[in-house]
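*Asks:* Build the 3D model from these lines:
(chains A and B)
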Amino acid sequence: MNKNENIDELLLNLPDFINNKIEDKSIIEKIKNEIASNKDFKILYDDMKFSLEFMNKTELTPPPDNYFNNLLPNIHQRIESHKQKFTFVWFGKIIPYWKYAVPVCVIVLFFLIYDINYTDNKINVQPSPEVSSTLEEINPDSKIEADNSSDSTDIALSQIIDEDSEQDSYTPPQTSNSYTSRQMSDINHSEKVNETAKGLPGDLPAVLETIGDDDFFSNSGDDLYQDNDINKLTPEQQKKVLNKIKNAEF
Amino acid sequence: MEVNNININSEDSDIIESFINGNESAYNYLVLKYQRKIYWVIRKMVLDHDDADDITQEVFVKLYKSLKDFRGESSFYTYLYKIAVNYSLNYLKKQKKVTERTKDIDDESYKLSSDDALQDEGYDEAIMKKVLTEAIKTLPEQQRAVFNLRFYDNLNYEEISKIMKKSVGGMKANYFHAVKKIEEIIRQKRLNGTIN
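*Replies:* The predicted structure is shown next:
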């Protein structure tokens, strides 16, 4: 061990030396020798001794007189409150997750409601019996089946689109069979309205306006059936159908 | 019955056994027996009475909950002492974060409370307490803990290293640096003439 390491070791033992907490006599001797021979060590020893003596004689302010008499009841009170808190621990554990759970629930609820409404719409897109019978009467090939499943609707739509493209060279933006009736009706709706209006007699657009978009196109899935069938009719037949539709109760 | 034979002077192991056997009042004997020691261990670490009171209560609540799991691997006082030191250290760590955020407010309130103390007790005594508190407050929490364990509680370095879960050499160095820091502050106060 060189001299520096030796002094470091003695320095670490200096506080204990001052407080008489060292049992090893050889260390005590070494420290005494260092104090006698090393001026810096002696200064540090004096300052440290003063400080430790200062701390020994300086005591913290004692607690209030009755403090220890009241401590036990206070502890029991706290134990009781801890027991009560424990009941709600599970509740407390859930709380941090609420900020995630609530938005997730809202989103799930939104989709559930949306899905139910969408299903309802699909169910309600049945044309009234009068319209169906009229259409059947005029053109038996265009019989509307009661089946409202998305597959049959899609097939019917694609047929309509194919027929459209043959008749009017109309090219829908996308003609994939995977499109739902809602998507297809959204894409084609406005263009179909205009084209239907063009194919009708001069006063028919005015009649359509009288009926109103909301009344006439309220069932988006069925609009295409009706538009397509109307296009196949003569102007007189179209007028007759429209009058029947107008008088029918939707 | 053996359960009823215990009192505050009974052996810790007997009191604990009695508690484990269902005698809830045995717990009271442990509290009464160690409340002062534990309070002062905590008080010297955290310095403030209200904080010490709060931590002392928490330590005994913890004892109540965990006493049935006490295996007697160390003496009961060492077990309780460790809980007290750990709770105090945790408090100091939390306090350090709070103090860093609210240093200015803390200084102001400390100044006010010191002024009150000066009116309540002798001037020299109050000054000495203030200097001591100020000096201890400058220590990092680990140094403060080691200083208290060694200086006030006379624990040897092996015991301290077990409590702090650090090496004996490290604890020795911590103690020396703590004493050195306190010494520097006190020397400054002597040079300023704050203390004689």
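*Asks:* Now do the contacts for the residue positioned nearest the centre of chain B.
*Replies:* By Cα atoms, centre = their mean, chain B has its centre lying nearest to residue B:42, at 2.2 Å. Residues touching residue B:42, when contacts are defined by Cβ atoms under 8 Å, 6 or more residues apart in numbering or on different chains, comprise B:52, B:55-56, B:59, B:84, B:87-88. C-beta coordinates here come from the backbone N, C-alpha and C atoms, glycine included.
*Asks:* in which helix or strand would I find it?
*Replies:* Assessed by DSSP states H and E, residue B:42 sits inside helix B:25-46.
*Asks:* How far off centre is that helix?
*Replies:* Distance, stretch centre to chain centre, for helix B:25-46: 10 Å (Cα atoms, centre = their mean, to the nearest Å).
*Asks:* Just the buried residues of it, please?
*Replies:* Using 16 or more other Cβ atoms under 10 Å in any protein chain shown as the test for burial, helix B:25-46 gives B:26-31, B:33-35, B:38-46.
*Asks:* Just the mean pLDDT for that helix, thanks.
*Replies:* On average, the pLDDT along helix B:25-46 is 94.
*Asks:* Not counting its own residues, what contacts the following helix or strand past it?
*Replies:* Downstream of helix B:25-46, the first helix or strand assigned by DSSP H and E is helix B:49-66. Residues outside helix B:49-66 that contact it (Cβ under 8 Å, 6+ apart): A:61, A:63-64, A:67, A:71, A:74-75, A:78-79, A:82, B:27, B:30-31, B:35, B:38-39, B:42-43, B:46, B:80, B:83-84, B:87-88, B:91, B:95.
*Asks:* what does stretch B:80-93 give?
*Replies:* Contacts for stretch B:80-93 (Cβ under 8 Å, 6+ apart): B:34, B:38, B:41-42, B:45-46, B:51, B:55-56, B:58-59, B:62-63, B:141-142, B:144-145, B:149, B:153, B:163.
*Asks:* List buried residues within the residues you listed.
*Replies:* Buried members of these, scored by 16+ other Cβ under 10 Å, are B:34, B:38, B:41-42, B:45-46, B:51, B:55-56, B:58-59, B:62-63, B:141-142, B:144-145, B:149, B:163.
*Asks:* Show me what the helix or strand hosting residue A:17 is packed against.
*Replies:* Following DSSP H and E, one finds residue A:17 within helix A:3-18. Counting contacts by 3 or more Cβ pairs under 8 Å, 6 or more residues apart in numbering or on different chains; DSSP states H and E, helix A:3-18 packs against helix A:25-37, helix A:39-57, helix B:168-192.
*Asks:* pLDDT (mean, whole number) over that helix?
*Replies:* 86.
*Asks:* same question, stretch B:75-85
*Replies:* Here stretch B:75-85 scores 91 as its mean pLDDT.
*Asks:* ok, and the helix or strand in chain A with the lowest average confidence?
*Replies:* helix A:213-216 (a mean of 48; mean pLDDT, DSSP states H and E).
*Asks:* From the recorded domain assignment, give the ranges for chain A.
*Replies:* For chain A, automatic domain parsing gives the domain ranges A:3-57, A:68-123, A:126-247.
*Asks:* got it, and chain B?
*Replies:* B:1-101, B:102-196.
*Asks:* With distance to residue A:243 added, can I get those domains in TSV?
*Replies:* Shown next, in TSV, are the domains of chain B (distance: least, Cβ to Cβ, whole Å):
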stretch	distance to residue A:243
domain B:1-101	81
domain B:102-196	83
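*Asks:* For chain A, what lies in contact range of chain B?
*Replies:* Residues of chain A lying near chain B by Cβ under 8 Å from any Cβ of the partner chain: A:11-16, A:19, A:21, A:47-48, A:50-52, A:54-55, A:57-61, A:63-64, A:67-68, A:71-72, A:74-75, A:78-79, A:82.
*Asks:* Show me just the buried residues among these.
*Replies:* A:11-16, A:19, A:47-48, A:50-52, A:54-55, A:58, A:60, A:63, A:67, A:71-72, A:75, A:78.
*Asks:* And for residue 77, the neighbour number?
*Replies:* No chain specified, so I'll use chain A. The local packing of residue A:77 (other Cβ atoms under 10 Å in any protein chain shown) involves 12 other residues.
*Asks:* actually it's chain B I care about, not the one you picked
*Replies:* Using other Cβ under 10 Å, the number of residues around residue B:77 comes to 13.
*Asks:* Just list the residues touching it, thanks.
*Replies:* Neighbours of residue B:77 in contact, by Cβ under 8 Å, 6+ apart: B:12, B:34, B:37.
*Asks:* Next up, the contacts around the last one.
*Replies:* Taking Cβ under 8 Å, 6+ apart as the definition of contact, the neighbours of residue B:37 are residue B:77.
*Asks:* Where does pLDDT dip in chain A?
*Replies:* By pLDDT under 70, the weakly predicted segments of chain A are A:1-5, A:86-96, A:119-128, A:131-132, A:134-135, A:138-230, A:249-250.
*Asks:* now with 50?
*Replies:* Residue ranges of chain A with pLDDT under 50: A:146-153, A:168-181, A:184, A:187, A:197, A:212-222.
*Asks:* same check, this time on chain B
*Replies:* Checking chain B against pLDDT under 50 turns up B:1-2, B:104-114, B:117-118.
*Asks:* Need the residues that contact stretch A:69-76.
*Replies:* B:28, B:31-32, B:35, B:39, B:53, B:56-57, B:60-61, B:64.
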